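**Student:** using only what follows, build the 3D model:
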Amino acid sequence: MTRVRLGTLVAAALLAAGLVTVTGCSSGSSGSRARMYDSVSSMADHSSLVVTGTVRQQRVANDVANASPTTLSTVRIVATAKTDPDHPAGSTVVVRQHGTTRSPGPGMLLEDGGTYLLYLTPSALDGDLADQYFITGGAAGVYVGEDGRTDFRRGMDEGDELPTHLTLADALHG
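**Tutor:** Just a heads-up that it's a prediction; the model follows:
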């Protein structure tokens with residue numbers, strides 16, 4: 001095998017390993033970043049729940065083998081734009097995010113007491129963890145409450161083409 005061809009194969013292998021590493025970090029944090037969103041309706045279509053709620057409790061867990069610590073936020077649902085029978089207004093949902101306040105992950109962490117408009121996707125984890133949710137599109141699915149519970153601003157811009165402000169009424173179509 002020629003040096004040029006061997007060098008090309010080594011470079012391709014390193015690039016592939018880097019992409020796997022980045023993809024693994026993203027999917028384990030707040031949801032998959034394999035997709036960038038170009039509309040609110042697209043993000044809503046990829047979400048099982050679209051809700052407004054307030055974080056009522058947080059704790060750190062090491063409940064998945066070979067994974068970094070995870071912040072679990074218990075969110076009391078105030079209102080819904082898209083839901084299922086298990087998550088009406090007044091119920092709670094547990095949101096998983098990679099990282100802790102002492103060691104943040106790649107996206108923004110929800111804050112205890114904060115009010116948010118959230119786009120959520122089931123965790124797809126085993127056992128009791130299957131009842132928990134990731135934020136759709138990582139930080140893309142987080143809008144922070146601005147004036148009570150009616151106006152929400154994007155929590156973090158990761159390159160998606162989404163509006164900077166939303167209301168619950170606009171949460172499915174923008």
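**Student:** roughly how far does Ala124 sit from Asp160?
**Tutor:** 22 Å (CB to CB, to the nearest Å). C-betas here are computed from N, CA, C, even on glycine.
**Student:** now the spatially closest residue to Phe152 that is not a sequence neighbour: how far from Ser39?
**Tutor:** Among residues not flanking Phe152 along the chain, Tyr143 sits closest, at 3.5 Å (CB to CB, 6 or more residues apart in numbering). Per CB to CB, Tyr143 is found 14 Å from Ser39.
**Student:** do the same with Gly90
**Tutor:** Applying CB to CB to Gly90 and Ser39 gives a distance of 30 Å.
**Student:** on that earlier part again, which strand residues bridge the residue nearest to Phe152?
**Tutor:** Beta bridges link Tyr143 to Leu117, Arg154, judged by DSSP bridges.
**Student:** the more surrounded of Tyr143 and Ser39?
**Tutor:** Neighbour totals were compared for Tyr143 and Ser39, and Tyr143 leads with 26 against 14 (other CB atoms under 10 Å).
**Student:** who are the contact partners of the more buried one?
**Tutor:** 116-118, 152-155, 165-166 (CB atoms under 8 Å, 6 or more residues apart in numbering).
**Student:** for Gln97, same thing?
**Tutor:** 29-30, 70-71, 73, 105, 107, 109-110, 134-135.
**Student:** confirm for me that Ala79 is in contact with Thr52.
**Tutor:** Yes. With contact defined as CB atoms under 8 Å, Ala79 reaches Thr52; the gap is 4.8 Å.
**Student:** of those two, who's got more company?
**Tutor:** Comparing Ala79 with Thr52 by other CB under 10 Å, the one with more neighbours is Thr52, at 23 against 18.
**Student:** wait, isn't that one in contact with Leu118?
**Tutor:** Yes. Using CB under 8 Å, Thr52 makes contact with Leu118 at a distance of 7.5 Å.
**Student:** rewinding a little: what's the closest of the contacts of Gln97 to Ala61?
**Tutor:** Ala61 lies nearest to Thr70 out of the contacts of Gln97, by CB to CB, at 5.2 Å.
**Student:** who is that closest one paired with across the strands?
**Tutor:** Beta-bridge pairing for Thr70 (DSSP bridges): Ala61, His98.
**Student:** now the strands: where do they sit in this protein?
**Tutor:** 49-61, 70-82, 92-98, 115-122, 133-135, 142-145, 152-154, 165-166 (DSSP state E).
**Student:** centroid residue for this protein?
**Tutor:** Note on the chain: the residue nearest the mean C-alpha position is Ile135, at 2.2 Å, using CA atoms, centre = their mean.
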